[in-house]
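Enquirer: sequence first, then the predicted structure:
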Amino acid sequence: MELSMEQGSTLGKPVRDDDEGYRRRVAHYRALLEALRREREGIRQGGGEARIRREHERGKLTARERVAALLDDPDDFTELGLFAGHGMYEEEGGCPAGGTVMGVGRVSGRLCLIVANDATVKAGAWFPITAKKNLRAQEIALENHLPIIYLVDSAGVYLPMQDEIFPDKEHFGRIFRNNAILSSKGIPQVAAIMGSCVAGGAYLPVMSDEALIVDGTGSVFLAGPFLVRAAIGEVVDAETLGGATTHTEISGVTDYKVPDDATCLATIRRLMGHLGPRPRAGFDRAEPVAPAFPAEEIYGLMPEQPQQPYDMQDVLARIIDAGSWTPYKEGYGQTLLTGYARIDGWSVGVVANQRQVVRSRTGEMQVGGVIYSDAAVKAARFIMNCNQKRVPLIFFQDVTGFMVGKRAEHGGIIKDGAKMVNAVANSVVPKFTVIVGNSFGAGNYAMCGRAYDPRLICAWPSAQIAVMGGAQAAQTLVQIQVRNEEKKGKRFTEEEKKALQARIEARYARQMAPTYAAARLWVDEIIDPVDTRRWLSRGIEMADHNPELPAFNPGIIQT
């Protein structure tokens, strides 16, 4: 059948759901999702039931309840950074979700970035990861020109760790610098003081465009009553020092005094409803078309072991709009798939690692997941084309790195890999990254890892992120350690070498897990593969709010 001008190539193929291997893979992936679901439930409890109950007794909503009440549709909230701090600060009692609820959702029809301190976690105190998460929220707002709403309820810096959060460039003070930059760009900032707001943290709501304060529970001051007494000998209560009446009727620090949380959130909704029209980037969007195959089938396509091959085209066929795929240099550099597609109607350029073993144009068998010279050159050129056409880029990572060895080095793999890295670094269109499997070494960089400024970056439960695979790393480290010890006269038995390698592999397995990456905000979120399409569509819609797209300068790329 001849394709119409609105149709692209057929991509992917149907699965046999009666295949034993397929059913086994589905069961394996669902087990990964179930484990993550249980962890998510625990994180969403914040500081626990007793502290939630205490907030309610004080007439306050929890951070998650506040966000839900603020949104037009709580089910349409794209949460980011849920796993921030996961497994960290155990000696301090933990810091679930980094003590902050953050994400993107609609408020009075406007797409907004929302940040809410969780007072059930150490009274909302700021850990190092809390600062990093809040800075990430402001970065997203700046890049995409999204209005940002702060729901403030924090005791300030967590003092036992002040040296890790206070003075550096990416520490606490950067928050207020960003407040000023956001304001200078005309990006609306609304802050609601719904609990404590102490010391340096007091600048955040005051440097926002409009500030609300809840009577009776909200307070804001540079120094609390105890510090005031210690510093100057003055005895004053918190309400007189910095309560709602003080700051709306005497100091003029805040703009709106509201009686309770519910009224505060309703007032924010009205304020957002008064925002004027905003220019858009105008990224192309057609009527969305469902993928050719059900997204749930991705579970049965992903291998149980990360080194096993699969066809990335089958995965993409369950994410992109049916009939929208137009491959670029399809027969060349086949360890990378490049092509134009639509995701929920949005026009995108796709760069994806192909995990099947393929044959190169010279007849050489190429290992899936490895980037060869031809693939790197192809990707660099395609990225340039997308920038020229103002088409957002989507990277699907399952990469073990660039090809190594004599033949690759003689063929100029470093030079060709540098072309691809250069293209990614200089790209000005919005970039989004989905880590579906391996993300190792320079492959992470070339496929737009965190260091290359993706507007959003997520991981599937099957993701692994590290400088190299665990087995390879363990073998390398064992060789180094054995050699160093043998220089000192020590001799290792084979059993000792195996035990040492097992210990190193176990450590690497823990550090490669997607939860480890998400805890440190190397990725914004771990998502169910079924949600990938919705997640990417939200990201492009978000990016469309920023009309400022610089001219693309390819730098030293020569293709």
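Expert: Thanks, I have it. Numbers count the residues shown, from 1 in each chain.

Enquirer: end to end, how far does stretch 42-56 reach?
Expert: 19 Å (CA to CA, to the nearest Å).

Enquirer: could you pull up the mean pLDDT of it?
Expert: Average pLDDT, stretch 42-56: 96.

Enquirer: just stretch 475-490 next, same as before
Expert: On average, stretch 475-490 scores 77.

Enquirer: in it, what counts as buried?
Expert: Gln475, Leu477, Val478, Val482 (16 or more other CB atoms under 10 Å). Just so you know, the C-beta spots here come from the backbone N, C-alpha and C atoms, and that holds for glycine as well.

Enquirer: could you tell me which of the residues you listed are located in helices?
Expert: When the buried residues of stretch 475-490 are checked against helices (DSSP state H), the matches are Gln475, Leu477, Val478, Val482.

Enquirer: ok, the residues you listed vs Ile181, which is closest?
Expert: Nearest to Ile181 among those: Leu477, at 42.7 Å, using CB to CB.

Enquirer: residues in contact with that closest one?
Expert: Taking CB atoms under 8 Å, 6 or more residues apart in numbering, we find Leu477 in contact with Ile504.

Enquirer: kindly report the same for Ala238.
Expert: Contacts of Ala238 by CB under 8 Å, 6+ apart are Ser219, Phe221, Gly224, Pro225.

Enquirer: measure it to Ala155 for me?
Expert: 12 Å (CB to CB, to the nearest Å).

Enquirer: so for Glu485, what's the nearest residue that isn't a sequence neighbour?
Expert: Phe492 (7.0 Å; CB to CB, 6 or more residues apart in numbering).

Enquirer: right, I mislabeled it, should have said Val258
Expert: Nearest to Val258 is Cys264, by CB to CB, 6+ apart, at 4.4 Å.

Enquirer: list the buried ones in the helix or strand harbouring the one you found?
Expert: According to DSSP states H and E, Cys264 maps onto helix 261-273. Of the residues in helix 261-273, Asp261, Cys264, Leu265, Thr267, Ile268, Arg269, Leu271, Met272 count as buried by neighbour count, 16+ other CB under 10 Å.

Enquirer: only alpha carbons, please: show stretch 508-524 as PDB.
Expert: C-alpha atoms of stretch 508-524 as PDB (Å, rounded to 0.1, in the frame of the first residue of the first chain):
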ATOM      1  CA  TYR A 508      28.400  -1.900  42.000                       C
ATOM      2  CA  ALA A 509      25.000  -3.500  41.700                       C
ATOM      3  CA  ARG A 510      23.700  -1.300  44.500                       C
ATOM      4  CA  GLN A 511      25.200   1.800  43.000                       C
ATOM      5  CA  MET A 512      24.000   1.000  39.400                       C
ATOM      6  CA  ALA A 513      20.300   0.700  40.600                       C
ATOM      7  CA  PRO A 514      17.900   3.300  39.300                       C
ATOM      8  CA  THR A 515      16.900   4.100  42.900                       C
ATOM      9  CA  TYR A 516      20.500   5.000  43.700                       C
ATOM     10  CA  ALA A 517      20.600   7.500  40.700                       C
ATOM     11  CA  ALA A 518      17.200   8.900  41.600                       C
ATOM     12  CA  ALA A 519      18.100   9.400  45.200                       C
ATOM     13  CA  ARG A 520      20.900  11.700  44.000                       C
ATOM     14  CA  LEU A 521      18.800  13.400  41.300                       C
ATOM     15  CA  TRP A 522      20.900  12.000  38.500                       C
ATOM     16  CA  VAL A 523      17.500  11.300  37.000                       C
ATOM     17  CA  ASP A 524      14.300  13.300  37.700                       C
END
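
Enquirer: buried residues in it, which are they?
Expert: 508, 512-524.

Enquirer: show residues contacting that stretch.
Expert: Contacts for stretch 508-524 (CB under 8 Å, 6+ apart): 36, 39, 80-88, 129, 132-133, 136, 435, 449-450, 456-466, 470, 473-474, 525-526.

Enquirer: could you say what helices and strands the helix holding Cys264 packs with?
Expert: If contacts are counted by 3 or more CB pairs under 8 Å, 6 or more residues apart in numbering; DSSP states H and E, helix 261-273 sits against helix 63-70, strand 100-107, strand 110-117, strand 189-198, strand 210-214, strand 256-258.

Enquirer: please repeat the previous calculation with a cut-off of 6 Å.
Expert: Counting contacts by 3 or more CB pairs under 6 Å, 6 or more residues apart in numbering; DSSP states H and E, helix 261-273 packs against strand 189-198, strand 256-258.

Enquirer: so which of those comes closest to Ile320?
Expert: Across the helices and strands packed on helix 261-273, closest to Ile320 is strand 189-198 (CB to CB), at 35.6 Å.

Enquirer: for that closest one, C-alpha coordinates in CSV please.
Expert: Only the C-alpha atoms of strand 189-198 are listed here, as CSV (Å, rounded to 0.1, in the frame of the first residue of the first chain):
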residue,chain,number,x,y,z
GLN,A,189,6.6,33.3,41.4
VAL,A,190,4.0,32.9,44.1
ALA,A,191,4.9,31.9,47.7
ALA,A,192,2.6,30.8,50.5
ILE,A,193,4.0,30.9,54.0
MET,A,194,2.0,28.0,55.5
GLY,A,195,4.2,27.3,58.5
SER,A,196,7.7,28.2,59.7
CYS,A,197,9.9,30.3,57.5
VAL,A,198,13.1,31.0,59.3
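
Enquirer: moving C-terminal of that strand, what's the next helix or strand?
Expert: Per DSSP H and E, the helix or strand that comes after strand 189-198 is helix 203-206.

Enquirer: what about the chain, any weak spots by pLDDT?
Expert: The model of the chain has pLDDT under 70 over residues 1-9, 200, 470, 555-559.

Enquirer: all strands of the stretch 201-350 of the chain, in order?
Expert: 210-214, 219-221, 256-258, 326-327, 336-343, 346-353 (DSSP state E, counting those that start in this stretch).

Enquirer: got a list of contacts for the third one?
Expert: Here strand 256-258 makes contact (CB atoms under 6 Å, 6 or more residues apart in numbering) with Leu212, Ile213, Val214, Asp215, Ala244, Thr248, Cys264, Thr267.

Enquirer: now the helices and strands packed on helix 261-273 as CSV including mean neighbour count and distance to Pro147?
Expert: Converted to CSV, the helices and strands packed on helix 261-273 look like this (neighbours: other CB atoms under 10 Å; distance: least, CB to CB, whole Å):
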stretch, mean neighbour count, distance to Pro147
strand 189-198, 27, 7
strand 256-258, 20, 17
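
Enquirer: nearest to Glu297, out of these?
Expert: Of all the helices and strands packed on helix 261-273, strand 189-198 comes closest under CB to CB, at 42.5 Å.

Enquirer: now the helix holding Cys264 - C-alpha only, PDB.
Expert: This file holds the C-alpha atoms of helix 261-273, laid out as PDB (Å, rounded to 0.1, in the frame of the first residue of the first chain):
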ATOM      1  CA  ASP A 261      -4.700  26.400  54.400                       C
ATOM      2  CA  ALA A 262      -7.800  25.900  52.300                       C
ATOM      3  CA  THR A 263      -8.300  29.600  51.800                       C
ATOM      4  CA  CYS A 264      -4.600  30.100  51.100                       C
ATOM      5  CA  LEU A 265      -4.700  27.500  48.300                       C
ATOM      6  CA  ALA A 266      -7.900  28.800  46.900                       C
ATOM      7  CA  THR A 267      -6.400  32.300  46.800                       C
ATOM      8  CA  ILE A 268      -3.400  31.000  44.900                       C
ATOM      9  CA  ARG A 269      -5.700  29.400  42.300                       C
ATOM     10  CA  ARG A 270      -7.500  32.800  41.800                       C
ATOM     11  CA  LEU A 271      -4.100  34.600  41.400                       C
ATOM     12  CA  MET A 272      -3.000  32.100  38.800                       C
ATOM     13  CA  GLY A 273      -6.300  32.500  37.000                       C
END
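
Enquirer: many thanks, I have nothing further to ask.
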